[in-house]
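Colleague: A structural model of the following input is requested.
(chains A and B)
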Amino acid sequence: MPITSGHETETPPKLGGGGPGKISRRRGYGGDDGDHGRPDDFSSSRSRLRRYRVGVALFSVCVTMLFLGIGSAYVVTQGMGPWNHEAGSRVSIWRPLLLPYRQLWLNSLLLIASSVTLEFARRGMLKKQEFSTMGIRPPRFKTEFPWLAITVVFGLGFLAGQFLVWNTLRHQGVYLGGAASGSFFYTLTGLHAVHLAGGLAVLLYALCGDWTGRKFESQQIAVDATGWYWHFMALLWFGIFALLHFARG
Amino acid sequence: MEERSTSSTAVSTPGFLRRCVFSTDHKVVGLQYFFLSFAAVLIGTVLSLLMRIHLVWPTVSLPFFGTIKPENYLAFLTMHGTLMVFFVLSTVPQSGFGNYFLPLQLGVSEMAFPKLNAAGFWTTLLSFLILIAAFFVPGGASGAGWTQYPPLSAIANSGPGQALGTDLWLVSMGLFCVASVMGAINFITTTLKMRTPGMDLMRMPLTCWTWFVTAILSLLAFSVLLAAVILLLLDRNAGTAFFVPAGLIVSGKAVAQTGGSPLLWQHLFWFFGHPEVYIAILPGMGVTSHVLSVFSRKPVFGYRAMVWAIVAIGFLGFLVWGHHMFVSGMNPYAAFAFSALTTAIAVPSAIKTFNWIGTIWDGRIRFTTPLLFSVGFVSLFITGGLTGPLLAQPALDIYLHDTYFVVAHFHLIMAMAGLFAIFAATHFWFPKMFGRMMNERLGALHFWITFLGSYAIFMPMHLLGTAGHPRRYSELTGVQYVAAMAPLQKFVTVAAIITMSGQIIFLVNFFWSMFKGPTAPANPWECTTLEWTLPSPTPAGGFGEHVPMVNRGAYEYSAPGAETDYLMQDAPGS
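Modeller: Sure, this is the predicted structure:
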């Protein structure tokens, strides 16, 4: 008695691994992209893009965990101190920082601006890539180039601004190897700057793509993935800023 | 061999370096991880042997080395733990076999990000070399244990290995974290985005499920270890005091840094460290489920329950890190919460154990070497697992924590069970990796020596522990009750020497079979999963132009009405 596909006549016995005769619930089949490596196919470049977006999302999760680790250490350290038996409470040994808010807000504005300009570049390139895979017009990088260049300038501006913030704190006598509040400030903002610089490197790679002979598709994917990463970096920055402000002690 | 040469000429053969060294092919990367771990496990085993010898014959002078000093013992202890946990148990089952077989079992010929994958391996190799380099710097390797608790690990003059050796350890671990995250992103994206048509999540082999869940754990856990490592490196080199408490005096000198908390490290470390235990064992569970089903010629008992048990173990693994810290003086209410959550992990673990037994129950069992090792895995998992709920009780743990009882517990459930899964996987996939069969007779001999040896080594340690023998010390002289346990320690060392000698059988079998073993057919074990639709060894291009269409689940053995006793996943009709 062979297993038949006739569902009306008899249901096949249920077996391990999902059992036979189960049809995928999704349209198409199992994997979210129904495509298998035809390089110039519409779905192929689309699926490559989606893959990179998933990669960026996962990387963002991992960076979030890194900062959650340090952020929770910040909160715990801030609440620490020797126990005062007579008062029945903890004596705080935390030295609050005088944050240079004006500088920090200026940097934040730069970062938001860079996020917006990068979003323009990202959307423009995405549209072009889709037109080109439909064969409507050949992709050209020209119009997005300025948006991308402005983003890079804003990004560098943010990093320079952060450097000035560190300089301000240094003049206040706050050092990395000093009180815990300063150590955490430099570590959190420094690691954020390192991560942002990584995004900046990918943007530069995309910018130089025209001269290094990269395909438009690769540039587009680099910009798209970095775009999402960049927005995440902006969000993360506000998370750090909020932590530094609300838990400043 | 014939098939390999024809297929590799079809895909224009690049040079040796491009093909076997700087390759982005997931199979090559998998094998690179595999052989890296081979090196790591050899060093780690020698270190444990040296420790066992020192414990029983402390004054013996070893050739090329001399007598083992206490700081050497601590360095061996640290490096044995680090090598085995990171470079063997977290590397072979996940990065080794996972890289090789995850895409093949999902029916694709490459990972989602092949370059990232190769970069992950080279970062791991760099991390390994930096770790080993610590043996050769002034002061030697770090002696603070694989958990590197501060303040011992935070202050450079707190011991001979605590200077450059510990910095190298931390840099090595930082790189390892980065590499693991690269691998994890790749594994998750591949599983979510690259599956061949018809390969539903609930049709994936359980091996793929465990690689997938393990990758999620790696992604979340290794990032936190990286955070901890960065903070500790700053403490050691930039004068911060994240983990250095106030008023610390080391070697008669007051430490300048102040105001940190060593407990903070323990929290961050174990938030990583407990999921790490599951990172090490989950892929082994997947292999066990897979192999037991194949050689019992029966579907996995309770496939869906198995999947949910894997997910539940992964999730609960993040909520129980405090059970490593019961002796840190934590709030008893917190200890109670961690204790209850830890005990809860017994439920999905018991589901898995029950289902393994259910899978082989009444099966037409083929007693091959992979099956033997998988049954061994279940046995060791039960034996090691039963002491888990004991240690999860804070009151008991406070007594047992710093004794050999804990050594016995984690070696049985993580090290030995993990090792048995690695052996099972090696014997099982050897034909697909190298195109030849391993010797069954030698395999069985190796299994029995290792199986009996594991129990002979670690069962007595439970007794040592309950009698109060402390762990970690290189030598305890003049302690009456410990001296009385010397014969048992000697027994353990002799058992260890015999068991380790038995591993030579495996080495001989492995390398002999690689070159001289009988040629393997495409599907020697009559498996259903997609990697066995390819010739052995796997051709360089994987599936090439062919797109497998999956029509059924992964474990259709002895299906009623089918002509053969197994139905390949891509066989037509369903």
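
Colleague: List the residues that contact residue B:360.
Modeller: Applying C-beta atoms under 8 Å, 6 or more residues apart in numbering or on different chains to residue B:360 gives the contacts B:292, B:296, B:298, B:375. C-betas here are computed from N, CA, C, even on glycine.

Colleague: Please pull out the lowest mean pLDDT helix or strand from the chain.
Modeller: Picked chain A for this. helix A:209-212 (a mean of 73; mean pLDDT, DSSP states H and E).

Colleague: Sorry, I should have been clearer: chain B.
Modeller: Result, chain B / mean pLDDT, DSSP H and E: helix B:2-10, a mean of 41.

Colleague: Give me the neighbour count for residue B:528.
Modeller: 26 (other C-beta atoms under 10 Å in any protein chain shown).

Colleague: So which residue is dead centre in chain B?
Modeller: residue B:89 (1.6 Å; C-alpha atoms, centre = their mean).

Colleague: what's the spacing between that one and chain A?
Modeller: For residue B:89, the distance to chain A (C-beta to the nearest C-beta, to the nearest Å) stands at 21 Å.

Colleague: Name the residues of stretch B:557-570 that come out as buried.
Modeller: B:557, B:558, B:559, B:562, B:566, B:567, B:568, B:569, B:570 (16 or more other C-beta atoms under 10 Å in any protein chain shown).

Colleague: Could you pull up the residues touching residue 144?
Modeller: You didn't pick a chain, so chain A it is. A:120, A:121, A:124, A:125, A:128, A:223.

Colleague: wait, I meant chain B there
Modeller: Counting by C-beta under 8 Å, 6+ apart, the residues that residue B:144 touches are B:74, B:78, B:152, B:153, B:159, B:161, B:162, B:166.

Colleague: Which pLDDT does the model give residue A:28?
Modeller: We have a pLDDT of 34 for residue A:28.

Colleague: ugh, wrong one, I meant residue B:546
Modeller: At residue B:546, pLDDT is 88.

Colleague: can you confirm it is in a strand?
Modeller: No: judged by DSSP: H, G, I helix; E, B strand; the rest coil, residue B:546 forms no part of a strand; its state is coil.

Colleague: What distance do you get for it to residue A:185?
Modeller: Distance of residue B:546 to residue A:185, given as C-beta to C-beta, to the nearest Å: 57 Å.

Colleague: Same drill for these two, tell me which one is more crowded.
Modeller: residue A:185 (22 against 15).

Colleague: helix or strand for the more buried one, which one?
Modeller: helix A:180-207 (DSSP states H and E).

Colleague: list the buried ones in that helix?
Modeller: A:180-189, A:191-193, A:195-196, A:199-200, A:203, A:205-207.

Colleague: likewise stretch B:202-215?
Modeller: For stretch B:202-215, using 16+ other C-beta under 10 Å, the buried residues are B:203-215.

Colleague: pLDDT, secondary structure and distance to residue A:235 added to the residues you listed, as a markdown table?
Modeller: Below are those laid out as a markdown table (pLDDT from 0 to 100; DSSP: H, G, I helix; E, B strand; the rest coil; distance: C-beta to C-beta, whole Å):
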| residue | pLDDT | secondary structure | distance to residue A:235 |
| --- | --- | --- | --- |
| B:203 | 94 | helix | 37 |
| B:204 | 96 | coil | 33 |
| B:205 | 97 | coil | 37 |
| B:206 | 97 | helix | 37 |
| B:207 | 97 | helix | 36 |
| B:208 | 97 | helix | 32 |
| B:209 | 97 | helix | 32 |
| B:210 | 97 | helix | 32 |
| B:211 | 98 | helix | 30 |
| B:212 | 98 | helix | 27 |
| B:213 | 97 | helix | 27 |
| B:214 | 97 | helix | 28 |
| B:215 | 97 | helix | 24 |
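
Colleague: Looking at the residues you listed, which is nearest chain A?
Modeller: residue B:203 (4.6 Å; C-beta to the nearest C-beta).

Colleague: What helix or strand is the closest residue to chain A within the stretch 351-500 of chain B located in?
Modeller: Distance from chain A to each residue of the stretch 351-500 of chain B (C-beta to the nearest C-beta) is smallest for residue B:359, at 8.5 Å. Residue B:359 belongs to helix B:346-360 when assigned by DSSP H and E.

Colleague: per-residue pLDDT, the residue in the stretch 251-400 of chain B positioned nearest to chain A?
Modeller: The nearest approach of the stretch 251-400 of chain B to chain A comes at residue B:299, 2.7 Å away (C-beta to the nearest C-beta). Residue B:299 is assigned a predicted lDDT (pLDDT) of 95.

Colleague: same deal with residue A:83?
Modeller: 84.

Colleague: Sketch out the low-pLDDT regions of chain A for me.
Modeller: A:1-43, A:138-139, A:141, A:210 (pLDDT under 70).

Colleague: what about the strands in it?
Modeller: With DSSP state E as the criterion, chain A has strands at A:83-84, A:89-90.

Colleague: can you list contacts of the least confident helix or strand of chain A?
Modeller: By C-beta under 8 Å, 6+ apart, helix A:209-212 touches A:141, A:145, A:216, A:218, A:219, A:222.

Colleague: cool, and stretch B:473-480?
Modeller: In contact with stretch B:473-480 (C-beta under 8 Å, 6+ apart) are residues B:54, B:55, B:58, B:68, B:70, B:73, B:74, B:470, B:482.

Colleague: distance of the third one from residue B:69?
Modeller: As defined by C-beta to C-beta, residue B:58 lies at a distance of 10 Å from residue B:69.

Colleague: Likewise for the first one?
Modeller: Residue B:54 sits 9 Å away from residue B:69, going by C-beta to C-beta.

Colleague: More neighbours: these two, which one.
Modeller: residue B:54 (22 against 15).

Colleague: how about the strands in the stretch 51-200 of chain B?
Modeller: Under the criterion DSSP state E, counting those that start in this stretch, the stretch 51-200 of chain B carries no strands.

Colleague: Enumerate the residues of it near chain A.
Modeller: Taking C-beta under 8 Å from any C-beta of the partner chain as the criterion, the stretch 51-200 of chain B approaches chain A at residues B:108, B:112-113, B:116, B:181, B:184-186, B:188-189, B:192-200.

Colleague: quick revisit: now flag whichever of the contacts of helix A:209-212 is closest to residue B:18.
Modeller: residue A:218 (21.2 Å; C-beta to C-beta).

Colleague: Include pLDDT when you put the contacts of stretch B:473-480 into a markdown table, please.
Modeller: Shown next, in a markdown table, are the contacts of stretch B:473-480 (pLDDT from 0 to 100):
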| residue | pLDDT |
| --- | --- |
| B:54 | 94 |
| B:55 | 93 |
| B:58 | 90 |
| B:68 | 91 |
| B:70 | 91 |
| B:73 | 95 |
| B:74 | 95 |
| B:470 | 95 |
| B:482 | 92 |
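
Colleague: out of these, which are inside helices?
Modeller: B:54, B:55, B:70, B:73, B:74, B:482 (DSSP state H).

Colleague: rewinding a little: which parts of the helix holding residue B:359 are buried?
Modeller: B:346, B:348, B:349, B:351, B:352, B:353, B:355, B:356, B:358, B:359, B:360.

Colleague: ok, and the closest non-adjacent residue to residue B:113?
Modeller: Nearest residue to residue B:113 in three dimensions, chain neighbours excluded: residue B:186, at 5.1 Å (C-beta to C-beta, 6 or more residues apart in numbering or on different chains).

Colleague: got a pLDDT number for the one you found?
Modeller: 96.

Colleague: How many neighbouring residues does it have?
Modeller: With other C-beta under 10 Å as criterion, residue B:186 counts 29.

Colleague: hang on, it packs against residue B:116?
Modeller: Yes: with contact defined as C-beta atoms under 8 Å, residue B:186 counts as touching residue B:116 (5.7 Å).

Colleague: can you list residues touching both of the two?
Modeller: With C-beta under 8 Å, 6+ apart, residue B:186 and residue B:116 have common neighbours residue A:55.

Colleague: tell me the least confident of the buried residues of stretch B:557-570?
Modeller: Confidence-wise, residue B:562 trails the rest of these, at 84.
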